[in-house]
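Visitor: Here is my input, please return the structure:
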Amino acid sequence: MTEPGVGPALRKTVATEERPDLLAPAGPRAAAACAVCVATHRGEVPARPDPGAAWIVTSFELADELVRRGVESARVLVETDPERVDAHRSGAMPQSVGAVLVPRAPFRFPGRHLVVVPTYDERENLPVLLAQIPRWLCCDVLVVDDGSPDGTGEVADRLAIVQPWVHVMHRAKKEGLGRAYLAGFRWALERGYDRVYEMDADLSHAPQDLPRLAHAGLCADLVIGSRYVKGGDTRGWSLRRRMLSRFGNLYARTWLGSGVRDWTAGFRCMSTAALRRIDLSAVASDGYAFQIEMTRRFRSASCAIAEVPVHFVDRSAGKSKMNASIAVEAMRKVPAFRRI
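Guide: Numbering: from 1, shown residues only. Prediction:
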């Protein structure tokens, strides 16, 4: 396991002939021609924004408002430089990678930030994710690998060689998502991080949403990337899976109270100061139940909780670990969480 370094630079110089399998995708380029819309205050955000436009806004509050009104977060870019804002208002195109608008440099927030990424057989997805995260947020990443048979742990080690902000924790066997996150939380607490993020390795959580979670975390102890607040949704799920997820969240709200819409979300930002107030040794759940239990523990510790809308996209490579038996087992545990 490598020790933490400083947050990542936007680009790293690596000889392509030496490590072609570890390189990030091509760098940012000018976005394809489309409408460029600029909003510097709430009055400039229309009730029905153009979802195909490139939206330039001057605050994360405006970015969240656009997402709530149906614009993909990939089409929204926060820009605080007045000269560049004026240039965009005159029609200058922002940079993009594919269809995603990208900032000139990753966003930097106060304190030290760590993204915890549990992995099990994510060899295909992990290099793609680690190429994207540093475009958006100054942070370190901890890969917690549960002895993946497909060699994900070895891929992570190779990536950590050329990207010193990547750290790897190897665990001997698959012990579950909850155990992996708890190990990552303890690692962060021991090393003095201020913010910890939960993020899946399967590309279902969009890296461009990390700064919105970080910004909301300036005023909240727990920020949930929510599928079930206005503007949030799921993409590519079967009807059965959508119904299972919605029922699970309704069931959790029925037993544990309103105020949180997405109890089972796995895309989160947490204050380590708040984590220190929670007895992590008492957390016994995994999977769906782990997210519900942790949310309940944050509420019981009188922590401020916020939700920001995100679009959850089903994985394009690999196999989902989620199934009905995991969800049913989680539901059995929910009533006991009322005693936390």
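Visitor: Can you give me the buried ones in stretch 147-166?
Guide: 148, 152-153, 155-160, 163-166 (16 or more other Cβ atoms under 10 Å). All C-beta spots, glycine's among them, are computed from the backbone N, C-alpha and C.
Visitor: err, stretch 274-291, not the other one
Guide: In terms of neighbour count (16+ other Cβ under 10 Å), stretch 274-291 has its buried residues at 274-275, 278, 283, 285-291.
Visitor: got the end-to-end distance for that stretch?
Guide: The separation between the terminal residues of stretch 274-291, taken as Cα to Cα, to the nearest Å, is 16 Å.
Visitor: and that stretch, what's its mean pLDDT?
Guide: Model confidence over stretch 274-291, given as mean pLDDT, is 92.
Visitor: starting at the chain centroid, how far to it?
Guide: Stretch 274-291 has its average C-alpha position 19 Å from the chain's average C-alpha position, going by Cα atoms, centre = their mean, to the nearest Å.
Visitor: and the buried residues of stretch 147-166, which two are the farthest apart?
Guide: Spanning the widest gap among the buried residues of stretch 147-166 are Ser148 and Pro164, at 22.2 Å by Cβ to Cβ.
Visitor: so where does His167 fall, helix or strand?
Guide: With secondary structure defined by DSSP states H and E, His167 is part of strand 166-170.
Visitor: continuing past that strand, what's the next helix or strand?
Guide: With DSSP H and E setting the assignment, the helix or strand that follows strand 166-170 is helix 177-190.
Visitor: which helices and strands does that following helix pack with?
Guide: strand 113-119, strand 140-145, strand 166-170, strand 195-198, helix 272-275, helix 287-300 (3 or more Cβ pairs under 8 Å, 6 or more residues apart in numbering; DSSP states H and E).
Visitor: Make a markdown table out of these and add distance to Val97.
Guide: Rendered in a markdown table, the data for those read as follows (distance: least, Cβ to Cβ, whole Å):
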| stretch | distance to Val97 |
| --- | --- |
| strand 113-119 | 19 |
| strand 140-145 | 18 |
| strand 166-170 | 19 |
| strand 195-198 | 21 |
| helix 272-275 | 31 |
| helix 287-300 | 30 |
